[in-house]
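>>> What follows is a protein structure lacking sequence information:
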């Protein structure tokens, strides 16, 4: 016979396992996990998820962008650590349920009728009395009375020195403890549903199924099989864009560093996309009339998809997510910004591109967007940063402006649709691109002078900056462009200077003509950027300001500036007349001269900062709309719904159901029975006090106490 000695490690093994189980099933551990999940969810809500890396770099800078990507904060809900915490929360809560449920169920079955008489006297709610009947008769009567009040009752007889005594044990509100099980089970169900509907299934296919994220470009049909998920994929959520009169059956699942393609068991054909707008220009209705084509059977099913009204087919929910351009065709007119370029027209499709050349320089024109409706606030009633005269402050009005209904406003908005706009990119041979946004029609900003809005920005994180050339009497940009080209023509500038000098000077004083002509030539040359000021090549009004600062004493600059601007305006007006005579165009209408020329001076001053050799105006378009659907197969949805039901049920049971236990000890006495009554509850409230008084009155025949 041999004996096996146990090692210290084996002896310590069981306590260690028990300690680990105790930790995992403890309330503190679960609350810690919930806290981390809540913090991570806040980050996932504040920080946009699954955006391209360049967006984070543009918004936060390289350091923070790398920090977010390293910790997977740009994809919190699919990060490995988030899924791991969620799994541990499921494990912890499940262990807690497994450990406490048997105790709770066992406690629900017991009435604790073996409690001693002396123990009843230690309860907070206790009472004693006398009944004129035997203990057995009293026990049965009181038990029947409690049973009619919703109590569950058990009777026990006990032998005492005085004779046979009876213990009546009753309980009510057992659903309170069932609420504990329901609430904790709800946490498990919601987490399991979240894991099923989250990225876990897709991640598992990448880890064990040989699937990989695709980070390249090209056509969807050319993407290799290893980047495609099967139609039988049990859980996914992706986006599908379908243009009008086309069909698609491959959804895109966005990942932090690329995409995955999800094959659908059907194709979605978009027959018509419907969008309605509020007066503010915000969309108020997205609706898609679609036809679902089953790949296996060829069955066709018509459906209408709206926001919050999805369609469902073969377990896949089809939601209306947004809308986009489906490949609208546009015709643009290229307007030269330099004298050596001629106007031309170019056709394109939104999402496409075409090659251009500016002499030896090669460029790519990318058509990025078409907006048919642009609603803007044209009231122009803002303060514009002007100061406020304290003598005009009305305190009552100031208070009324800031108090009252949330929809009350003291500013009248004039919302107006200013027409279509087109956006495009000009990309040079080095791959650098600038983005442009031009409106099709001239816009009246409120000063009576319609202007074309020619927007430009260096990167998507910046707002557009607009060049505002005025529209001529025909509503076209031709008048301004003729003036700009004439400003670059030395012959026309000289003729305009001489014509202005002859008109402005009295013919009887010819000696002043040459002086004025010299000043006009200097002003026009500075404005055209032909002269250097303090070693810098500048143009526009800035050139005049720099010249005055360098050559005129400070005390005389204001008067000299007014003179220069007056001479410049007169010379430019003559230059515009000469440019019109060259093309045999009519002179500017008299009522339009001042407004057109004032805006033209400002636009000519800003034009040298326009970085492109040409701008493109929208001449015609044919809109093709596309609907963006979110397609999802969510097997955990019903699990989550069940969890939410259990959570509501459990919280209601724990908050509004009170567990109570009642004991009535009946001991024999000479003329009847001596009664000892005690009540316990899991929550001390005024309702318990009131209920105990009512029970005492009913069971012992005492009058109820008045409750304050």
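Received it, and whenever you're ready, just let me know what you need. Please read all numbers here as calculations on a predicted model, not as lab measurements.

>>> which residues sit in contact with residue 227?
Contacts for residue 227 were tallied using C-beta atoms under 8 Å, 6 or more residues apart in numbering; they are 211, 212, 213, 214, 259, 260, 261. For every residue, glycine as well, the C-beta is placed using N, CA and C.

>>> again, but for residue 266
When contacts are counted by C-beta under 8 Å, 6+ apart, residue 266 is found next to 249, 292, 293, 294, 295, 313, 314, 316.

>>> got CSV for those residues, with secondary structure and neighbour count too?
Below are the contacts of residue 266 laid out as CSV (DSSP: H, G, I helix; E, B strand; the rest coil; neighbours: other C-beta atoms under 10 Å):
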residue, secondary structure, neighbour count
249, strand, 19
292, strand, 22
293, strand, 16
294, strand, 14
295, coil, 13
313, strand, 17
314, coil, 12
316, strand, 20
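
>>> Tell me the one among these nearest to residue 485.
Distances from residue 485 to the contacts of residue 266, taken as C-beta to C-beta, are shortest for residue 249 (53.2 Å).

>>> Hmm, that closest one is touching residue 264, no?
Yes: using C-beta atoms under 8 Å, residue 249 is in contact with residue 264, at 4.9 Å.

>>> Just the mean pLDDT for the lengthiest strand in the chain, thanks.
Using DSSP state E, we find that the single longest strand of the chain is strand 258-277. Here strand 258-277 scores 91 as its mean pLDDT.

>>> so how far is residue 28 from residue 34?
Per C-beta to C-beta, to the nearest Å, residue 34 is found 11 Å from residue 28.

>>> So for these two, which sits in the more crowded spot?
Neighbour totals were compared for residue 34 and residue 28, and residue 34 leads with 15 against 8 (other C-beta atoms under 10 Å).

>>> who's in contact with the more buried one?
So, once contact is read as C-beta under 8 Å, 6+ apart, residue 34 ends up touching residue 89.

>>> among the contacts of residue 227, which ones are buried?
Buried subset of the contacts of residue 227 (neighbour count, 16 or more other C-beta atoms under 10 Å): 211, 214, 259, 260, 261.

>>> quick one: which two of the residues you listed are the most distant?
Of all pairs in those, the most separated under C-beta to C-beta is 211 and 259 at 11.8 Å.

>>> what helix or strand does residue 201 sit in?
Following DSSP states H and E, the helix or strand that holds residue 201 is helix 200-208.

>>> one step back: in the longest strand of the chain, which residues are buried?
Here strand 258-277 shows 259, 260, 261, 262, 264, 265, 266, 267, 268, 269, 270, 273 as buried, counting by 16+ other C-beta under 10 Å.

>>> now these as a markdown table including distance to residue 491?
Listed next are the buried residues of strand 258-277 as a markdown table, based on distance: C-beta to C-beta, whole Å:
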| residue | distance to residue 491 |
| --- | --- |
| 259 | 59 |
| 260 | 64 |
| 261 | 63 |
| 262 | 66 |
| 264 | 67 |
| 265 | 73 |
| 266 | 70 |
| 267 | 65 |
| 268 | 63 |
| 269 | 62 |
| 270 | 58 |
| 273 | 55 |
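
>>> Check for me that residue 103 belongs to a helix.
Yes: when DSSP: H, G, I helix; E, B strand; the rest coil is applied, residue 103 is found to be in a helix.

>>> That one: neighbour count?
Residue 103: 10 neighbours (other C-beta under 10 Å).

>>> again, but for residue 161
The burial count for residue 161: 7, using other C-beta under 10 Å.

>>> what is the mean pLDDT for stretch 518-528?
On average, stretch 518-528 scores 86.

>>> quick one: buried residues of it?
Those would be 519, 520, 521, 522, 523, 524, 525, 526, 527, 528, for stretch 518-528 by 16+ other C-beta under 10 Å.

>>> pretty sure the first one is touching residue 567, no?
In this case it means residue 519. Yes: applying C-beta under 8 Å, one finds residue 519 in contact with residue 567, separated by 5.8 Å.

>>> ok, residue 257 to residue 223 distance?
From residue 257 to residue 223 the distance is 15 Å (C-beta to C-beta).

>>> do the same with residue 375
Distance from residue 375 to residue 223, by C-beta to C-beta: 39 Å.

>>> Then residue 422?
From residue 422 to residue 223 the distance is 30 Å (C-beta to C-beta).

>>> the more surrounded of these two?
residue 422 (25 against 17).

>>> any idea which element the more buried one lies in?
strand 421-428.

>>> nearest spatial neighbour of residue 598, skipping sequence neighbours?
Distance criterion C-beta to C-beta, 6 or more residues apart in numbering; nearest residue to residue 598, sequence neighbours excluded, is residue 449 at 7.4 Å.

>>> thinking the one you found is in contact with residue 469, fair?
No: checked against C-beta under 8 Å, the pair residue 449 and residue 469 is beyond contact range at 10.5 Å.
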